[in-house]
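Engineer: this is the structure alone, sequence omitted:
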């Protein structure tokens, strides 16, 4: 009896090896798919760490946005062409957000995806609806902030970040 099981096990070994190898491929695919949206955003948009890149790609600054309950979004550099095209693409956020520092430098903290077509999602994350009228003077739109470069205690997709400040925003930044 023992010999029979051993022969069966040895005969089945190539099948087990094949299944194990296939399982490793499935595991690698699962790990790649499990990357979080902030990780994907960091990878796709890290070029914006240099604000000169945003300017070169057609982004223009608007004043630093602070929250009524504290915190801020920072200075948005907005690309009107991308807003008007209505497409949502990971590597082409409609706005990139910078926190002005005491040293005069701008630090990339987040990106924002914007569309008027909705409900909208990116990477399985549902956008928030900003109705009209709004403080931006825009028609109703859907937006998704992704705090990919600065931790946000309110959540990675929250609008305002209590750890961001407009204190050092100067006219030269806006």
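Structural biologist: Nice, I can see it. In this text the structure is predicted, and so the values were computed from the model without any measurement.
Engineer: for stretch 96-111, buried residues please.
Structural biologist: Judged by neighbour count (16 or more other C-beta atoms under 10 Å), stretch 96-111 contains these buried residues: 96-100, 106-111. Placement of C-beta: from N, CA and C, glycine included.
Engineer: could you export these as JSON lines, including distance to residue 130?
Structural biologist: Supplementary listing: those in JSON lines, determined by distance: C-beta to C-beta, whole Å:
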{"residue": "96", "distance to residue 130": "18"}
{"residue": "97", "distance to residue 130": "15"}
{"residue": "98", "distance to residue 130": "21"}
{"residue": "99", "distance to residue 130": "21"}
{"residue": "100", "distance to residue 130": "24"}
{"residue": "106", "distance to residue 130": "24"}
{"residue": "107", "distance to residue 130": "25"}
{"residue": "108", "distance to residue 130": "23"}
{"residue": "109", "distance to residue 130": "20"}
{"residue": "110", "distance to residue 130": "16"}
{"residue": "111", "distance to residue 130": "16"}
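Engineer: and the residues you listed, which of them are in strands?
Structural biologist: Secondary structure defined by DSSP state E assigns 96-100, 106-111 of these to strands.
Engineer: with respect to residue 70, which of the buried residues of stretch 96-111 is nearest?
Structural biologist: Set against residue 70, the nearest of the buried residues of stretch 96-111 by C-beta to C-beta is residue 99 (14.3 Å).
Engineer: per-residue pLDDT, the closest one?
Structural biologist: According to the model's per-residue confidence, residue 99 sits at a pLDDT of 95.
Engineer: surely it is in contact with residue 150?
Structural biologist: Yes: at 7.0 Å, residue 99 counts as touching residue 150 under the criterion of C-beta atoms under 8 Å.
Engineer: could you identify the helix or strand that succeeds the worst-scoring helix or strand of the chain on mean pLDDT?
Structural biologist: Among the secondary structure pieces of the chain, namely its helices and strands, helix 2-33 has the lowest mean (mean pLDDT, DSSP states H and E), a mean of 43. Counting by DSSP states H and E, the element after helix 2-33 in chain order, helix or strand, is helix 37-45.
Engineer: next, the angle from that next one to strand 95-100.
Structural biologist: Orientation of helix 37-45 against strand 95-100 (axes from the mean of the first three to the mean of the last three C-alpha atoms, to 10 degrees) gives an angle of 90 degrees.
Engineer: what packs against helix 37-45?
Structural biologist: Helix 37-45 is packed against strand 141-146, with contacts defined by 3 or more C-beta pairs under 8 Å, 6 or more residues apart in numbering; DSSP states H and E.
Engineer: which residues touch residue 101?
Structural biologist: 107, 168 (C-beta atoms under 8 Å, 6 or more residues apart in numbering).
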